[in-house]
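Q: build me a model from this:
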Amino acid sequence: YAAVAIQHTRLYQELEAQNELLEDAVTSITAELQHAMGQVNGILTNSPDSILMLNNSGEIITHNPASCDMFGWSKDQIPNRLQECLATRDEVNKFTTALGKVLQTGKPTRFNSIGKRTDNSLFDTGVALAPIRRNGVVENVICSLHDISALKEVERMKDTFVSNVSHELRTPITSLRLHADLIQRAPKKTSVYLARMNREIIRLNTLIEDLLNLSRLDQNRVPIELLPLHIDYLVIQYVTDRQLLAEEKGLIIDYALSDSLPLVRGDSGLIGQVLSILLTNAINYTPENGRITIKTHTQEKDNNTWIGLSVIDTGLGIPLEEQNKIFERFYRGTTGLGSDAPGTGLGLSIAQEIVSSHHGYLEVNSEGIPGKGSTFTIWIPSFTTLERPSVSRPIRTPLSNGTPLYMKSPYPNR
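A: Coordinates of the predicted model:
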């Protein structure tokens, strides 16, 4: 009996040791599982993408906070099925078909769709479906959705850009070919045809220069020399340069310059380019006997003084429905397309990029009524930390038609 007791004691001790090892292993595995679950929960909670678990009927079992943000759900508005949050019947069918294939084949899939928020607004989304197996059978499906609206917009802009560039290049090239053929057929009119060809070459050169300027601005490759700049004197110089062109079109051009206008910190060449674009547009789209006024003024905003430069015309105006598109590249509204004025649709895009590079913004105001015209205003923050140099005000000298002309100031902006 003593031997049996000793054997039982030894077995009991071994069993206790094994039990302790098993408890330690379970504790360790449990800790690892808790750590892994914490990581998974952290990923789900902080992921910017919508992540949902669906059962084999497509019903939503669980979701992460980003799902509510993406679709605008509240806690008591969670739909039963994701299909309820897709834009059209075609999108629902696409999703249902993809879900069925994942359940059937056990293979993940990706596709693009269009989601619908609770306020009925739509957005482009990339959808990924991945199976979750249990005992070798697909039991649930993980669905992740990524908002690709920005990517789709870039893609749309690229397609529009390529289409517009192709058109803008094709038109003058076709004209050049036509006139080259006409020169061969009618040599006596060579000078006329060459003049037309030269205009088309200028148009091509302008387009290419505009494209290069936009490319440089996009890549921040345009050197900007930020110096103390007096906007009034810049107005004087550029408007004086446009005086003859305005007179040829029967237009009156005048100024309303603010007294004691603060300085801005800017590149006189680039700001001048913006002013040139706005003045050229105003002259092109203002009928005979119209008026163009350039006004400088200030406003207090964001605890700073902002300098405003407005180009006001009595021209054709911009339809209200087009005003949010006029800064898009290559966009020419009905006013531009219906006129004989040349243009590539890039000028305002370039102007906006330049103003943005000066920490300012460009705004438009138009009732869209012919004769009421348009007002384009450049807003740039003042350079208040710099002591303003002592400069004299511009000298006004009346022209024969009564339009004021300013003498060129010695202020070294250019």
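Q: C-alpha only now, for contacts and for neighbours.
A: Will do.
Q: need the longest strand for this structure.
A: strand 122-134 (DSSP state E).
Q: which parts of this protein are strands?
A: Remark: strands assigned in the chain by DSSP E are 50-55, 60-63, 109-116, 122-134, 137-147, 227-229, 252-256, 264-266, 291-301, 304-313, 361-366, 374-381, 396-398, 404-406.
Q: low-confidence ranges, the stretch 201-350 of the chain, go.
A: Applying pLDDT under 70 to the stretch 201-350 of the chain flags residues 335-343.
Q: repeat for the stretch 51-200 of the chain
A: Counting by pLDDT under 70, the stretch 51-200 of the chain has low-confidence residues at 167.
Q: go with 80
A: 75-76, 157-172, 199 (pLDDT under 80).
Q: for it, just list every one of the helices.
A: 65-71, 89-105, 149-185, 190-218 (DSSP state H, counting those that start in this stretch).
Q: which secondary structure elements does the longest one contact?
A: Using 3 or more CA pairs under 8 Å, 6 or more residues apart in numbering; DSSP states H and E as the contact criterion, the neighbours of helix 149-185 among helices and strands are strand 122-134, helix 190-218.
Q: dump the helices of the stretch 51-200 of the chain into a markdown table; add mean neighbour count and distance to R242 as well.
A: Shown next, in a markdown table, are the helices of the stretch 51-200 of the chain (neighbours: other CA atoms under 10 Å; distance: least, CA to CA, whole Å):
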| stretch | mean neighbour count | distance to R242 |
| --- | --- | --- |
| helix 65-71 | 18 | 52 |
| helix 89-105 | 16 | 56 |
| helix 149-185 | 14 | 27 |
| helix 190-218 | 15 | 19 |
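Q: now these as a markdown table including distance to L22?
A: What follows is the helices of the stretch 51-200 of the chain, written out as a markdown table (distance: least, CA to CA, whole Å):
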| stretch | distance to L22 |
| --- | --- |
| helix 65-71 | 38 |
| helix 89-105 | 38 |
| helix 149-185 | 53 |
| helix 190-218 | 64 |
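Q: how about those helices, which one is nearest K325?
A: Among the helices of the stretch 51-200 of the chain, helix 149-185 comes nearest to K325, with 12.2 Å by CA to CA.
Q: relative to strand 109-116, how tilted is that closest one?
A: Put simply, helix 149-185 runs at 90 degrees to strand 109-116, going by axes from the mean of the first three to the mean of the last three CA atoms, to 10 degrees.
Q: what angle do helix 149-185 and strand 122-134 make?
A: Going by the same axes, to 10 degrees, helix 149-185 is angled at 130 degrees with respect to strand 122-134.
Q: starting at the chain centroid, how far to helix 149-185?
A: Helix 149-185 sits 23 Å away from the centroid of its parent chain (CA atoms, centre = their mean, to the nearest Å).
Q: number of residues surrounding F383?
A: F383 sits with 20 neighbouring residues when counted by other CA atoms under 10 Å.
Q: for S260, same thing?
A: Applying other CA under 10 Å, we find 9 residues neighbouring S260.
Q: any residues touching stretch 181-194, and which ones?
A: 179-180 (CA atoms under 8 Å, 6 or more residues apart in numbering).
Q: gap between the two ends of it?
A: This stretch, stretch 181-194, spans 11 Å end to end (CA to CA, to the nearest Å).
Q: how far off centre is it?
A: With CA atoms, centre = their mean, you get 46 Å for stretch 181-194.
Q: need the strands of the chain in TSV with distance to S163 and mean neighbour count, can you?
A: Output for these, formatted as TSV (distance: least, CA to CA, whole Å; neighbours: other CA atoms under 10 Å):
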stretch	distance to S163	mean neighbour count
strand 50-55	35	22
strand 60-63	42	16
strand 109-116	24	18
strand 122-134	23	19
strand 137-147	26	20
strand 227-229	39	19
strand 252-256	37	19
strand 264-266	35	23
strand 291-301	34	17
strand 304-313	31	22
strand 361-366	27	17
strand 374-381	28	23
strand 396-398	48	11
strand 404-406	44	19
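Q: quick one: closest of those to F161.
A: Nearest of those to F161, taken as CA to CA: strand 122-134 at 20.7 Å.
Q: which residues touch that closest one?
A: Under the criterion CA under 8 Å, 6+ apart, residues 87, 98-99, 102-103, 106-117, 138-149, 152 lie in contact with strand 122-134.
Q: cutoff 7 Å now
A: Outside of strand 122-134, the residues within contact range by CA atoms under 7 Å, 6 or more residues apart in numbering are 87, 102-103, 106-116, 138-149.
Q: parallel or antiparallel, list what pairs with that strand.
A: Strand pairing for strand 122-134, using DSSP bridges, gives strand 109-116 (antiparallel), strand 137-147 (antiparallel).
Q: run through who's touching the last one.
A: Right, strand 137-147. The contact list for strand 137-147, computed with CA under 7 Å, 6+ apart, reads 49-56, 103, 106, 124-133.
Q: possible to save the helices and strands packed on helix 149-185 as JSON lines with distance to Q352?
A: Compiled in JSON lines, the helices and strands packed on helix 149-185 are given as follows (distance: least, CA to CA, whole Å):
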{"stretch": "strand 122-134", "distance to Q352": "27"}
{"stretch": "helix 190-218", "distance to Q352": "10"}
